[in-house]
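Chemist: Compute the structure for the input listed below.
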Amino acid sequence: MVFDYMDYFVSMSVGLTGFSRDAIAPQLDTINIKAEYLQAFDDNLPNGTAEQILIQYKKLFEAGGSKPGSEEQIVGQMLGGTGTNAAQILAMRQLIFLWYAGAWPTVLADAGSPTGGQTFSTVLSADSYTQGLVWRVMQSHPMGRTTYNYGYWANDPPPLSAYLENPV
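Modeler: Residues are numbered from 1 along each chain as shown. Here you go, the predicted model:
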C-alpha cells in the first residue's frame with residue numbers, strides 16, 4: 001500500500017465487526033493484531049483491491065464529516081454497493097471472517113456446491129487464532145490459552161459486555 005491506511009482500516013473494521021474501536025485497536029496493544037490483519041487483507045487481495053476499498057471508505061468517511069459512530073452506516077453503504085463492486089464486497093466479507101475467526105477464508109463455497117456452502121480458511125498465526133473476535137462473542141477462550149485463573153468455570157460468567165470491549 002502506498003499510504004498508511006491503518007486509521008481507516010481500524011475505523012472500517014469497527015463498522016464491519018460491530019466491536020468498539022478500543023476492542024479493535026486498544027491503546028495498550030502488545031499483540032498488534034490489527035497490523036497483521038491489514039497486511040493479510042492487502043496481501044490476499046489482487047490488484048490493489050484492499051487499497052481501493054480503503055480509499056473508498058476514506059472518501060465516504062470524510063464526506064460524512066468524519067464522525068465517530070458513523071462507521072456502521074458507511075460500511076452499510078459500501079456493502080450495499082455505493083462505490084463498490086462485487087469483488088470489493090466479497091473482500092469486505094472476507095475481512096469480517098478474518099476478524100472473527102483469525103483466519104483468511106481461502107474458499108467461499110456457495111450453498112449449491114458439493115461442500116454445501118462451507119468456508120475453508122487458513123489461520124494466519126497463533127496470535128490471530130487467539131485474538132479472533134468469536135471467542136469474545138462466545139464468552140469463551142481459545143483452547144489451550146486463557147487469562148483466567150484456575151477454577152474460573154465454578155463462577156457465573158461476566159456479562160457479555162465484559163467480553164465485547166478490550167479485556168484485561
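Chemist: which residue sits closest to the residue most central in space within the chain, ignoring its sequence neighbours?
Modeler: The chain has W99 as the residue nearest its centroid, 2.9 Å off, counting by Cα atoms, centre = their mean. Leaving aside its sequence neighbours, W99 sits nearest to T17 (Cβ to Cβ, 6 or more residues apart in numbering; 5.0 Å). No exception for glycine: its C-beta is placed from N, CA and C like everyone else's.
Chemist: count of residues packed around the one you found?
Modeler: Counted with other Cβ atoms under 10 Å, the neighbours of T17 add up to 21.
Chemist: next one: D7
Modeler: Using other Cβ under 10 Å, D7 has 13 neighbouring residues.
Chemist: who's in contact with the residue nearest to the centre of the chain?
Modeler: Residues counted as contacts of W99 (Cβ atoms under 8 Å, 6 or more residues apart in numbering) are S13, L16, T17, F19, I24, Y37, G132, L133.
Chemist: What count of nearby residues applies to the fourth one?
Modeler: By the criterion of other Cβ under 10 Å, F19 has 20 neighbours.
Chemist: you'd agree it is up against L133?
Modeler: Yes. F19 lies in contact with L133 (Cβ atoms under 8 Å); the separation is 6.2 Å.
Chemist: related to what we said a few turns ago, how about the contacts of W99, which pair is most distant?
Modeler: L16 and G132 (14.1 Å; Cβ to Cβ).
Chemist: hang on, the earlier thing: columns distance to A63 on top of the contacts of W99, output as JSON lines?
Modeler: Putting the contacts of W99 into JSON lines (distance: Cβ to Cβ, whole Å) gives the following:
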{"residue": "S13", "distance to A63": "19"}
{"residue": "L16", "distance to A63": "19"}
{"residue": "T17", "distance to A63": "22"}
{"residue": "F19", "distance to A63": "24"}
{"residue": "I24", "distance to A63": "22"}
{"residue": "Y37", "distance to A63": "25"}
{"residue": "G132", "distance to A63": "32"}
{"residue": "L133", "distance to A63": "28"}
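Chemist: If anything else comes up later, I'll come back, but that's it for now.
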